[in-house]
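Student: would you be able to build a 3D model of this:
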Amino acid sequence: MASVSANFLCSRTSVRLPNQMMMSKKSLRLATVGWGRTPGLTTSRFQITTCAAKKETVDKVCEIVRKQLALPADKEITPQTTFTDLGADSLDTVEIVMGLEEEFDITVQEDNQDNISCIQEAADLIEQLVANKS
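Tutor: Down below sits the predicted model:
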């Protein structure tokens, strides 16, 4: 049986794969992994989605969130930090998205806004929207 461990990151499941299954983050966009207790009898499938945003984008999102929420400079913000962890309510989240739209010259559709709950998700969406704009 393959050894697989899972944890939660930004409300999405991420999985640590055995060494022989590892791929570079740049080449891995979507992978499907299966495992079973007894080969051929029980199989589960799930998807792994990697975060592709550049560090510069993540840092800029952190800066905008810090400014919008008037957070002190010593408050730690990581890519996994959720807006609710920082005390943001729904109005704060809308203002954060507006600040991101202005800074990156993008438009975030309402259905995409609902999928943003942490810094990394915001950075990933921004990079996707910027790439689609080109």
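Student: what strand or helix carries V94?
Tutor: Assigned by DSSP states H and E, V94 falls within helix 90-104.
Student: list the contacts of the helix or strand following that helix.
Tutor: Downstream of helix 90-104, the next assigned helix or strand under DSSP H and E is helix 110-113. Contact partners of helix 110-113, identified using Cβ atoms under 8 Å, 6 or more residues apart in numbering, comprise 93-94, 97, 125. Placement of C-beta: from N, CA and C, glycine included.
Student: same question, stretch 54-62
Tutor: Contacts of stretch 54-62 (Cβ under 8 Å, 6+ apart): 77, 79, 100, 103-104, 119-120, 122-123, 126-127.
Student: let's go with 7 Å and repeat that
Tutor: 77, 79, 100, 103, 119-120, 122-123, 126-127 (Cβ atoms under 7 Å, 6 or more residues apart in numbering).
Student: CA atoms of the helix or strand K60 falls within as PDB?
Tutor: Using DSSP H and E, K60 maps to helix 55-68. Provided in PDB are the C-alpha atoms of helix 55-68 (Å, rounded to 0.1, in the frame of the first residue of the first chain):
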ATOM      1  CA  LYS A  55       6.400  35.000  -4.200                       C
ATOM      2  CA  GLU A  56       6.100  38.600  -5.400                       C
ATOM      3  CA  THR A  57       2.400  38.200  -5.900                       C
ATOM      4  CA  VAL A  58       1.900  36.600  -2.500                       C
ATOM      5  CA  ASP A  59       3.900  39.400  -0.900                       C
ATOM      6  CA  LYS A  60       1.900  42.100  -2.600                       C
ATOM      7  CA  VAL A  61      -1.400  40.400  -1.500                       C
ATOM      8  CA  CYS A  62      -0.100  40.300   2.000                       C
ATOM      9  CA  GLU A  63       0.700  44.000   1.800                       C
ATOM     10  CA  ILE A  64      -2.700  44.900   0.500                       C
ATOM     11  CA  VAL A  65      -4.500  42.800   3.100                       C
ATOM     12  CA  ARG A  66      -2.400  44.300   5.900                       C
ATOM     13  CA  LYS A  67      -3.300  47.800   4.700                       C
ATOM     14  CA  GLN A  68      -7.000  47.100   4.200                       C
END
